[in-house]
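K.L.:
With the sequence up front, the predicted model follows.
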Amino acid sequence: MAPQLDGYFAQVDALSDSFIQRLREAVAIPSISADATRRPDVVRMGHWLADELKKLGASAELRELGKQHGTDLDLPPVVLARYGNDKNKRTILVYGHYDVQPAEKEDGWETEPFELTVKEDGRMLGRGSTDDKGPVLGWLNAIEAHQKAGIEFPVNLLMCFEGMEEYGSDGLDDLINAEAKKYFADTDAVCISDNYWLGTERPCLTYGLRGCNYYNIEISGPGADLHSGVFGGTAQEPMTDLVRILGSLVDTDGKIQIPGIVEQVAPVTEEESGLYENISFTMETLHESLGSKTTIFEDKKNTLMARWRMPSLSVHGIEGAFSGAGAKTVIPAKVIGKFSIRTVPNMEIDKTNECVYKYVEDVFKKLKSKNTMKVYAQHCGKWWVASPKHWNFAAAAKATERVWGMQPDFTREGGSIPVTLTFEQATGKNVLLLPMGSSTDGAHSINEKLDKRNYIEGIKLLGAYLHYVAEEPQN
Ligand SMILES: NCC(=O)N[C@@H](Cc1c[nH]cn1)C(=O)O
Ligand SMILES: [Zn+2]
Ligand SMILES: [Zn+2]
């Protein structure tokens with residue numbers, strides 16, 4: 001089946017250096033969506049991507065989304081593109097994001113984060129290499145390899161690449177809903193490459209994601225930052241209140257202390273309970289990707305359940321607090337604590353927010369502080385779980401066997417891609433997550449990397465998937 005794939009694979013190998021060069025150019029643009037001062041770079045990245053697509057003969061356009069929620073800042077454009085318009089072919093809509101998480105060399109990177117550095121062992125270090133510039137470019141590279149090999153592209157490809165995913169996909173839901181019956185009208189299935197294998201050797205296909213509710217707790221009191229020698233012991237300190245609230249949210253074993261959260265979680269069915277043992281995942285691989293053995297659970301089943309089907313609460317940071325090296329004797333006047341809850345079936349966004357607000361307000365009240373406290377959700381995205389019993393997944397499984405020589409695991413993901421559910425509901429079509437990178441890639445962390453092997457074989461995988469999609473019978 002898919003007889004032209006050998007020629008395509010050989011062309012991908014022949015073009016591998018230029019594909020790495022394309023990734024190098026993309027990584028060099030610091031398109032950090034969470035940092036307002038980097039917004040021009042995010043916009044530049046969107047333009048660069050649209051230009052690359054046009055050079056490949058795709059029709060590409062930049063769609064403006066208006067202002068960022070609650071600010072005067074323009075959102076970066078969404079890149080919408082189409083390659084092929086043949087009524088006799090299936091149409092696959094692919095989504096990815098061209099923005100990245102923040103990164104500074106001083107955070108502990110061994111290389112410059114915005115310079116792609118290819119190591120002898122095949123690691124390609126750079127912010128966005130695996131999340132999500134490598135996978136996004138995978139689609140462009142698949143187009144180019146088909147062209148250079150003289151192989152007909154097997155499907156029509158619709159592309160939607162956004163620049164705000166790492167900041168809650170502000171504005172994208174509205175665009176997807178507005179274009180569902182227009183730009184995306186002939187979509188037959190959706191594919192997203194923006195997550196990771198569970199380990200380093202076995203590929204996977206993913207049919208579930210957790211959602212994410214992201215919160216701020218703002219506490220203020222003094223009119224300005226104060227000298228702790230002059231005012232310490234005389235003024236109530238916002239930071240003291242904040243750390244006491246943050247410290248009350250979750251215990252050492254990850255147990256969320258907010259009433260009403262775990263109560264919403266769907267019970268484990270017998271069928272689900274049996275799924276975990278067959279997944280290729282070991283605690284050793286987890287320790288490797290974690291960089292330590294400080295896991296909450298000692299066994300695979302509880303660990304996978306904690307990642308896939310249980311909520312978790314993480315404390316991320318404090319804006320306004322002293323965080324540098326040395327010893328600054330300051331009392332911060334206003335601090336903003338940041339934490340998030342990863343949500344799972346059957347949790348509801350509004351109900352979860354209500355529980356969080358009530359709990360934080362109650363804890364603050366008990367502190368009897370004279371400071372002012374405000375708690376609010378910064379962005380919320382819903383969880384998603386789909387059926388992998390669909391021709392979209394069958395095609396991806398065949399492509400995985402052809403490229404990697406093994407059957408994929410069927411997994412859920414602990415992370416979030418806020419618009420996945422929106423694509424499913426707006427188009428009414430099956431959505432598949434087809435990851436390129438592996439568990440040790442360190443997305444969002446220092447030394448983020450994509451292995452050269454995963455990039456090149458991943459490009460083959462994306463192309464092979466499209467060929468099997470073209471052959472797969474209707475469900
Ligand atoms: N690769 C997907 C990813 O990293 N998603 C982010 C999205 C996000 C940001 N805020 C809430 N969700 C993630 O953290 O999971
Ligand atoms: Zn991502
Ligand atoms: Zn990410």
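P.N.:
Okay, I see it. Ligands and ions are numbered 1, 2, ... in the order given.

K.L.:
mind listing what Ala26 touches?
P.N.:
Counting by CB atoms under 8 Å, 6 or more residues apart in numbering, Ala26 touches 45, 48-49, 98, 128, 133, 136-137. In this view, the C-beta of every residue, glycine as well, is placed from N, C-alpha and C.

K.L.:
quick one, phi psi at it?
P.N.:
Ala26 adopts backbone torsions of phi -70, psi -40, taken as degrees, to the nearest 10.

K.L.:
Could you check how far it is from Asp13?
P.N.:
Using CB to CB, to the nearest Å, we find Ala26 at a distance of 21 Å from Asp13.

K.L.:
For the residue of the chain positioned farthest from its centre, give me its contacts.
P.N.:
Farthest-out residue of the chain from its mean C-alpha position, per CA atoms, centre = their mean: Val230, at 45.5 Å. For Val230, no contacting residues are found, by CB under 8 Å, 6+ apart.

K.L.:
Gly463 too?
P.N.:
Contacts of Gly463 (CB under 8 Å, 6+ apart): 5, 8, 12, 142, 145-146.

K.L.:
Buried ones among these?
P.N.:
Buried members of the contacts of Gly463, counted by 16 or more other CB atoms under 10 Å: 5, 8, 12, 142, 145-146.

K.L.:
Distance to ligand 1 and pLDDT added to those, as CSV?
P.N.:
Compiled in CSV, the buried ones among the contacts of Gly463 are given as follows (distance: CB to the nearest ligand atom, whole Å; pLDDT from 0 to 100):
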residue, distance to ligand 1, pLDDT
Leu5, 28, 97
Tyr8, 27, 98
Val12, 24, 98
Ala142, 20, 98
Ala145, 25, 98
His146, 26, 98
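
K.L.:
which one of these is nearest Ser369?
P.N.:
Ala142 (57.0 Å; CB to CB).

K.L.:
how close does the residue farthest from the centre of the chain sit to Ile331?
P.N.:
For Val230 relative to Ile331 (CB to CB), the value is 9 Å.

K.L.:
before we move on, what about Thr234?
P.N.:
10 Å.

K.L.:
Between those two, which is the more surrounded one?
P.N.:
A direct count of neighbours by other CB atoms under 10 Å for Thr234 and Ile331 places Ile331 higher, at 23 against 8.

K.L.:
neighbour-wise, which of the contacts of Ala26 leads?
P.N.:
Gly128 (31 neighbours).

K.L.:
Pull up the residues of the protein that are close to ligand 2.
P.N.:
With CB under 5 Å from the ion as the criterion, the chain meets ligand 2 at residues 131-132, 194.

K.L.:
For those, give me TSV that also has secondary structure, neighbour count and pLDDT.
P.N.:
Formatted as TSV, the residues of the chain next to ligand 2 follow (DSSP: H, G, I helix; E, B strand; the rest coil; neighbours: other CB atoms under 10 Å; pLDDT from 0 to 100):
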residue	secondary structure	neighbour count	pLDDT
Asp131	helix	28	98
Asp132	helix	28	98
Asp194	coil	25	97
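
K.L.:
Quick check: the gap between Glu271 and Arg309.
P.N.:
Distance from Glu271 to Arg309, by CB to CB: 13 Å.

K.L.:
the more surrounded of the two?
P.N.:
Arg309 (20 against 7).

K.L.:
Pick the one among the contacts of Ala26 closest to ligand 1.
P.N.:
Gly128 (10.4 Å; CB to the nearest ligand atom).

K.L.:
Who are the contact partners of the closest residue to the closest one other than its chain neighbours?
P.N.:
The shortest distance from Gly128 to any non-neighbouring residue, by CB to CB, 6 or more residues apart in numbering, is to Val100 (3.9 Å). Contact analysis of Val100 by CB under 8 Å, 6+ apart lists 30-33, 127-128, 131, 133, 166.

K.L.:
Between the two ends of stretch 338-349, how far is it?
P.N.:
17 Å (CA to CA, to the nearest Å).
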